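[1] Sequence below, structure please.
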Amino acid sequence: MPLCHSKIVSTIEPGPEILEGRKSLIGDATEVRRLLPQRVMRTIGAWCFLDHYGPDDVSSPGTGMQVPPHPHIGLQTATWLFDGLVRHRDSLGHEQLIRPGQLNLMTSGRGIAHSEESPVPRGRLLHGVQLWIALPKDRQFMEPGFAHHADLPTVNVGGARVTVVVGELGAARSPAVVHTPLVGLEVTLPAGESVTLTTRGDFEYGVVSADGPATVAADEAGAAEGIEPGVIAHLRTGTKAITLSAAGLNRFFVIGGIPFSERLITWWNFVARTPDEIAAARDSWMTADGRFGEVNGYHGDPLPAPPLPAGTLIPR
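    Numbers count the residues shown, from 1 in each chain. Have a look, this model is predicted:
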């Protein structure tokens, strides 16, 4: 069971640290590049999970995302698409089709269940990111909820178009409600151009390239580091600005937040503080005791929880 907590980072030498993700499989057939958590970096702010998937051709029958009903506790899920469509259903009764440029934000709190699938009909491509935000201890058992934001603020920074998905950039502020200081941005950059984003000195940041090779640099005098899909660039607190550039048309996803100081345990789809909380949530899901409710409309069985690790739930 991974122990999820921020490492202490220095404000000295605030250049980007490039970390490679690992491939994983969600549902029946969707391969993802898992960029958070990492062994050496469990969180960026309260962002504690980041999967980047696609672009995948999902035009044929039997392809696309098929994630059966499964539970969550202690977190918010943020779904963002670059291309394609995904249908969300949850145990509060929401059914929502999400499109590129829109945000699905689900708050699990004490417990919620949901499913995700590629609808029929759908377009040819599926490409996006799935993120989790750890809830702070005083909110980890809050009531569950769901919000869909179809009209998010956008700003032009130089030649780049920036969508403020979470948090704020200048005077533009997302309507998404989160519970720690955070930012999430989609940056669309024309071919051959660069953009410099002003950052908060008390935030750490992560940068993902969605479409191809690119570079990222911290501050005006900082050396540029190459990135591509499958890696994440981490920038420490103390960074005053981030410069992004790419030879071709490229989209980036930028996350940031105040380093999360609370000690977390992440196992399967749960974020908690103690092994007992994890074990109780698993038991509730497997016995269907009503804690997570029921997802209606998905044609298939719920996802069973894996066995708990033998011995302690916290790695040594």
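[2] so who does residue 24 touch?
    Residues near residue 24 by C-beta atoms under 8 Å, 6 or more residues apart in numbering: 31, 32, 33, 34, 51. Backbone N, C-alpha and C define where each C-beta goes, glycine included.
[3] Just the closest of those residues to residue 294, please.
    residue 51 (25.3 Å; C-beta to C-beta).
[4] what's the distance between that closest one and residue 128?
    9 Å (C-beta to C-beta, to the nearest Å).
[5] quick one: which of those two has more around it?
    Using other C-beta atoms under 10 Å, the more surrounded residue of residue 51 and residue 128 is residue 128, with 24 against 19.
[6] Could you find the closest non-adjacent residue to the more buried one?
    Distances taken as C-beta to C-beta, 6 or more residues apart in numbering put residue 81 closest to residue 128, at 4.0 Å, once the chain neighbours are dropped.
[7] and the strand or helix carrying that neighbour, what's its mean pLDDT?
    Using DSSP states H and E, residue 81 maps to strand 75-83. On average, the pLDDT along strand 75-83 is 98.
[8] Show me what that strand pairs with in its sheet, parallel or antiparallel.
    Paired neighbours of strand 75-83 in the sheet (DSSP bridges): strand 103-107 (antiparallel), strand 125-134 (antiparallel).
[9] Dump the C-alpha coordinates for the last one into CSV.
    So the one you mean is strand 125-134. Only the C-alpha atoms of strand 125-134 are listed here, as CSV (Å, rounded to 0.1, in the frame of the first residue of the first chain):
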residue,chain,number,x,y,z
LEU,A,125,-9.9,9.5,-30.5
LEU,A,126,-9.8,9.3,-26.7
HIS,A,127,-7.1,11.4,-25.0
GLY,A,128,-7.1,12.9,-21.5
VAL,A,129,-5.9,13.0,-17.9
GLN,A,130,-7.4,11.6,-14.7
LEU,A,131,-6.3,13.3,-11.5
TRP,A,132,-7.0,12.9,-7.8
ILE,A,133,-6.9,15.6,-5.2
ALA,A,134,-6.3,14.5,-1.6
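[10] what's the average pLDDT for that strand?
    98.
[11] could you give the mean pLDDT of the very next helix or strand once past that strand?
    Following strand 125-134 in sequence order, the next helix or strand is strand 145-149 (DSSP H and E). In this model, strand 145-149 has a mean pLDDT of 98.
[12] For strand 145-149, which helices and strands make contact with it?
    strand 95-98, strand 103-107 (3 or more C-beta pairs under 8 Å, 6 or more residues apart in numbering; DSSP states H and E).
[13] What strands line up against the helix or strand following the longest one, and which way round?
    It refers to strand 103-107. Note on strand 103-107: by DSSP H and E, the next helix or strand toward the C-terminus is strand 112-117. Strand pairing for strand 112-117, using DSSP bridges, gives strand 66-72 (antiparallel), strand 86-90 (antiparallel).
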